[in-house]
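Asks: need coordinates for the following:
(2 chains)
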Amino acid sequence: MLLKSLSELNGTSGAEGLVRNFLRQQVESFVDTVTVDKIGNLIATKNGHLGGPKVMLTAHMDEVALMIVDITSDGFLKFRPVGGIDARILVSKPVQINETLVGVIGAKAIHLQKPSERQKALHFDQLYIDIGAKSKEEAAGKVKLGDYAYFITKCEPFGEGLYKGKAFDDRVGCAILVELLKRDYDIPLVAAFTVQEEVGLRGAKIAAYHINPDFAIVIEGTVAADVSDQGEKGWVTELGKGPACSLMDRTTLYNPKLIQWVADLAREKGIPLQFRRGSSGGNDAGPIHVSRTGIPTIALSVPCRYIHSCVSVISEKDYSACFNLISEILNELPRKLKFSPMDKEDM
Amino acid sequence: MDFAMLGQLTQLFGPSGSEELVAEFIAAQVRPYCDELSKDTLGNLIVRRQGNGKKIMVAAHMDEIGLMITHINKEGFLRFVPLGGVQIPNLTRQRVKFIDGRIGTIGVEKLDKRSDFKLDKLYLDIGVSSREEAEQFVHIGETAVFVGDFVESGTRLISKAFDDRIGCFVAIEALKRTKSTHELAFVFTVQEEIGTRGAKTAAYALEPDLAIAVDVTATGDTPKAHPMSVELGSGVGIKVLDRSMITSPKIKRWMADVATDRIIPFQWEVLEYGGTDCGAIHLSRGGVPSGVLSIPTRYVHSPAEMIDKRDVEAAVDLLVALLETSA
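Replies: Numbers count the residues shown, from 1 in each chain, chains lettered A, B, ... in the order given. Below is the predicted model:
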C-alpha cells in the first residue's frame, strides 16, 4: 500500500532522499519528465505538449524529526526538533537513527522523581537519546552531529476505516499526488514534491518560481482537533467529514471566489468537504501564491489527529474524498482557466 | 480637497482578501486621470499613466483589518479569528458589519477572572436564534469589518479604516493633480494588513525604478503615550525606519529637500513596530529605491482612528512635488 510505504520511510527537512527516490520510482512511468531541482524538490511534468495554462500540484516530502546536536561525555545524544514538535510527547519513545541504529529517548523513571518533578513536562534540554553506548567515543563511532532521529511507527489500519502512522503530514499529500499522476487529465500538470516545508516552506518557494504555474493546488495533512476539550468551536477540522479547504492561515488568505468554486464543485459531485476553521499554521501555499506576479492557489488537506507526533490518525474516507475532489478540480480546470481567467477581471 | 470622497472611501467594505468594492470605487475616481486600469491575480488595482522618465510606483493599500468567521453554533452565535492586527482586548461590545450590510455585536462569555479574557471567549451575535437562520446570512470563511462612522471635527477627522484609505485618498488626489512626466504606476494594493502580500507581486510585475508608499503611522502626542516624536497636525511623516524597512539616506534627503523647498510641513517618522508595503517592494527582484509618506494617526487599528486634515494636505502636496522631481 502506497501510503504505508511512504509513512514508514524516513525523511525530514533537508534529508528527503529516501522519500524522493521512492516517489521517483512510483511516478516515473506515468509522467513525461522527472527532475530534481537545486534545493531537492522532485519535479514531474505531464501533458506539457498540450500547451495552455499549467497547473502545479504540490505535496511536501519532509516530516518532523530530531537532529543530533551533541554527544554527552557518557555517550548520550542531545537533540533539537526539526519542525514543530511538542517536547512532552517524546519521553520513552524509540527512535531510528541512520537506518540501522535504534535509540530510546530517556528520562528519569517515575520511582526516582520528586513529587514536584512529576508536575512538570520535560524540555528538550532535559531529554536525551540512549543508543546503548558507554562513552562519548563509542557513540561518536555510530552517530555524527547533524544526523537525524525518526519516530518508529508501523502504518496500520484500525477502527472503522482509520489508519495510524507517522509522517502523515505530508505523506498523505504525496500519496494522493502519486495517484493523481497515474490518471489522465486534459491539462499540463507539474507535480512538485517539495522539501523543507516544516522548517519554513522553503522548497515550495523555489519550485513555484521556476515552474511559474497558472494555478496551484497544495495537498496537505492538517490538524484535526475533533477530540479537543474546548468544544466544537475549537475543532479546526474533523475526521471523516471530507478534505478540508483552507480559508486563512498564517501564510495565505485564500481567494473567496476560488473557495466558493471548490465548494460548489464538491457539492455538485457529491464529495464531502469541510473548511479548515482556524488561522494558525501555514503551508506551501504561502510562498506559492505570492510567487512572481501572484498565482491563484488553493489548499486541500486530509485531517490528521495528533499531527506532528510519533503517531497520527487519518480516515480512509477523507483520503479518498480528497483524491476525488482534486481529480474533479483537474477535470474542470481547463474550462475554467480557458474561459474565465481568474486573474483578469474586467474593470 | 474632496474630503467628502474620503468619507465615502473610509466607509467602504474592504477587509484583507475582499477589496473589490474599494477597487471599484477607486477605479471610478481615477479613470479620467490615467491611461490604463488593470487588476492582477491577487486583486491589486494598477493605475498607469504614460511618461518617459523613471518608472515610479506609488502604493497605498485598500484593505482594512477585520474578522473571519470560523464557526457557527446551534444557537446561531459565530466564532471568529482576527484578520490583521486586531486588538483583542478592545473587541468586546463592538459592532461589525458584513458585506451585505448586516451588523453584529461582539459579546464575551462569563469570565471567572479578568485574566481569562482571550479571543476564544468572544463570540459574534448577529441577532439570529439558530444555525440555520445564521447560515442564510453568513458562511464559514466570510469576513466582516468594524463599524466606525466618518466624522469631521475641526481640522480633525475620525473614522474606521483611515489605515489605509487615507493613503488611497492621498494617492488619488495626487494623481488628479500631478503634472509629472515620469511613467507612473499607482497601485492600490491588497492584503497589506496580513503581510504586504499584494505589494510583493505588484512590485515584481512592475519592476519600478522608484517606489513611494503612503500609509498611516502612530503618534506620541496623547496622554502618557509611548514616546514617539510624531504628532497630529505637524505635517506629513517621512519614514526613517519601521520593522519592514530602513529608508536609504538618499531617499530621505530627497524627500526632505523637496518638502523644505516647497515649504511643506513634514516630520521624521521612526516607528518601532509595524511595516508598510514598501517593506515588500524595496526587496523586490534586485531591490527598489523606496520611501514612505506617513499620515500621523491616533488609535490606529480601531474603529475610531483620528487624523488631521493639514497632514493630509501636506502629504498630497509632497507626493505631487516628489513625482515631479524624482530622486
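
Asks: residue 258 sits in which helix or strand?
Replies: All of this is about chain A. helix A:256-269 (DSSP states H and E).

Asks: correction: the question concerned chain B.
Replies: Under the assignment here (DSSP H and E), B:Val258 is part of helix B:249-261.

Asks: next, the angle helix B:249-261 makes with the helix or strand just after that helix.
Replies: Downstream of helix B:249-261, the first helix or strand assigned by DSSP H and E is strand B:266-270. Computed by axes from the mean of the first three to the mean of the last three Cα atoms, to 10 degrees, the angle separating strand B:266-270 from helix B:249-261 equals 150 degrees.

Asks: what comes up buried for strand B:266-270?
Replies: B:266-267, B:269 (16 or more other Cβ atoms under 10 Å in any protein chain shown). C-beta: built from backbone N, CA, C; applies to glycine.

Asks: one more: stretch A:78-98?
Replies: Applying 16+ other Cβ under 10 Å to stretch A:78-98 flags A:78-79, A:81-83, A:85, A:89-90, A:93, A:95-97 as buried.

Asks: can you check stretch A:58-70 too?
Replies: A:58-68.

Asks: residues from the stretch 151-300 of chain A in reach of chain B?
Replies: A:230, A:232-235, A:247-248, A:251, A:253-256, A:259, A:275, A:277-279, A:289-296 (Cβ under 8 Å from any Cβ of the partner chain).

Asks: give me that answer again for 7 Å
Replies: A:230, A:233-234, A:247-248, A:253, A:256, A:259, A:275, A:277-279, A:290, A:292-296 (Cβ under 7 Å from any Cβ of the partner chain).

Asks: out of those, name the ones that lie in helices.
Replies: Here DSSP state H is the test, and these give A:256, A:259 as lying in helices.

Asks: where does chain A have low pLDDT?
Replies: Along chain A, the model assigns pLDDT under 70 to residues A:228-230, A:233, A:338-347.

Asks: show me the contacts for A:Pro53.
Replies: A:Pro53 is in contact with A:214-215, A:337, counting by Cβ atoms under 7 Å, 6 or more residues apart in numbering or on different chains.

Asks: between the buried residues of stretch A:58-70, which is closest to B:Arg79?
Replies: A:Val64 (28.5 Å; Cβ to Cβ).

Asks: B:Trp254 versus that closest one, what's the distance?
Replies: A:Val64 sits 49 Å away from B:Trp254, going by Cβ to Cβ, to the nearest Å.

Asks: A:Asp37 now?
Replies: The value you get for A:Asp37 to B:Trp254, if Cβ to Cβ is used, is 41 Å.

Asks: ok, now which ones touch the residue of chain A found nearest chain B?
Replies: Using Cβ to the nearest Cβ, the closest approach of chain A to chain B is made by A:Gly294 at 3.5 Å. Listed by Cβ under 7 Å, 6+ apart, the contact set of A:Gly294 reads B:40-42, B:201.

Asks: residues of the helix or strand that B:Tyr123 is a member of that come out buried?
Replies: Assessed by DSSP H and E, B:Tyr123 sits inside strand B:122-125. Neighbour-count burial for strand B:122-125 flags B:122-124 (criterion: 16+ other Cβ under 10 Å).

Asks: and stretch B:109-128, by the same measure?
Replies: Result for stretch B:109-128 [16+ other Cβ under 10 Å]: buried residues B:122-124, B:126, B:128.

Asks: next: stretch A:192-205.
Replies: Buried-residue list, stretch A:192-205, by 16+ other Cβ under 10 Å: A:192-199, A:201-205.

Asks: make a markdown table out of the buried residues of stretch A:78-98 and add secondary structure.
Replies: Converted to a markdown table, the buried residues of stretch A:78-98 look like this (DSSP: H, G, I helix; E, B strand; the rest coil):
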| residue | secondary structure |
| --- | --- |
| A:Lys78 | strand |
| A:Phe79 | strand |
| A:Pro81 | strand |
| A:Val82 | strand |
| A:Gly83 | coil |
| A:Ile85 | coil |
| A:Ile89 | helix |
| A:Leu90 | coil |
| A:Lys93 | coil |
| A:Val95 | strand |
| A:Gln96 | strand |
| A:Ile97 | strand |
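
Asks: narrow the residues of the stretch 151-300 of chain A next to chain B to those in strands?
Replies: A:Phe275 (DSSP state E).

Asks: which among the residues of the stretch 151-300 of chain A next to chain B end up buried?
Replies: Buried, going by 16+ other Cβ under 10 Å: A:233-234, A:247-248, A:253, A:256, A:259, A:275, A:277-279, A:290, A:293-296, out of those.

Asks: nearest to B:Val145 among the buried residues of stretch A:78-98?
Replies: Nearest member of the buried residues of stretch A:78-98 to B:Val145, counting by Cβ to Cβ, is A:Gly83, at 35.4 Å.

Asks: how near is the closest one to A:Asp169?
Replies: Distance from A:Gly83 to A:Asp169, by Cβ to Cβ: 9 Å.

Asks: what's the overlap in contacts for these two?
Replies: A:His308.

Asks: contacts with chain A among the contacts of A:Gly294, please.
Replies: Residues of these in contact with chain A (Cβ under 7 Å from any Cβ): B:40-42, B:201.

Asks: can you show me the helices along the chain?
Replies: Since no chain was named, I'll use chain A. Under DSSP H, chain A gives helices at A:2-8, A:17-27, A:115-118, A:136-142, A:168-182, A:202-211, A:256-269, A:285-289, A:316-339.

Asks: wrong one, I was asking about chain B
Replies: B:3-11, B:20-30, B:131-135, B:162-177, B:197-206, B:249-261, B:277-281, B:309-325.

Asks: with just CA atoms, put stretch A:40-60 into PDB.
Replies: Extracted C-alpha coordinates of stretch A:40-60, given in PDB (Å, rounded to 0.1, in the frame of the first residue of the first chain):
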ATOM      1  CA  GLY A  40      15.900  19.000  -3.800                       C
ATOM      2  CA  ASN A  41      12.300  19.200  -4.900                       C
ATOM      3  CA  LEU A  42      11.200  16.300  -7.100                       C
ATOM      4  CA  ILE A  43       9.500  17.800 -10.200                       C
ATOM      5  CA  ALA A  44       7.400  15.600 -12.500                       C
ATOM      6  CA  THR A  45       5.700  17.000 -15.600                       C
ATOM      7  CA  LYS A  46       2.900  15.600 -17.600                       C
ATOM      8  CA  ASN A  47       1.000  16.800 -20.700                       C
ATOM      9  CA  GLY A  48       3.400  19.700 -21.400                       C
ATOM     10  CA  HIS A  49       2.700  19.200 -25.100                       C
ATOM     11  CA  LEU A  50      -0.900  20.300 -24.700                       C
ATOM     12  CA  GLY A  51       0.100  23.900 -24.100                       C
ATOM     13  CA  GLY A  52      -2.200  26.400 -22.300                       C
ATOM     14  CA  PRO A  53      -2.500  27.000 -18.600                       C
ATOM     15  CA  LYS A  54      -0.200  25.000 -16.400                       C
ATOM     16  CA  VAL A  55      -1.300  23.600 -13.000                       C
ATOM     17  CA  MET A  56       1.100  23.000 -10.200                       C
ATOM     18  CA  LEU A  57       0.300  20.200  -7.700                       C
ATOM     19  CA  THR A  58       2.300  20.100  -4.600                       C
ATOM     20  CA  ALA A  59       2.900  18.000  -1.500                       C
ATOM     21  CA  HIS A  60       5.800  18.100   0.800                       C
END
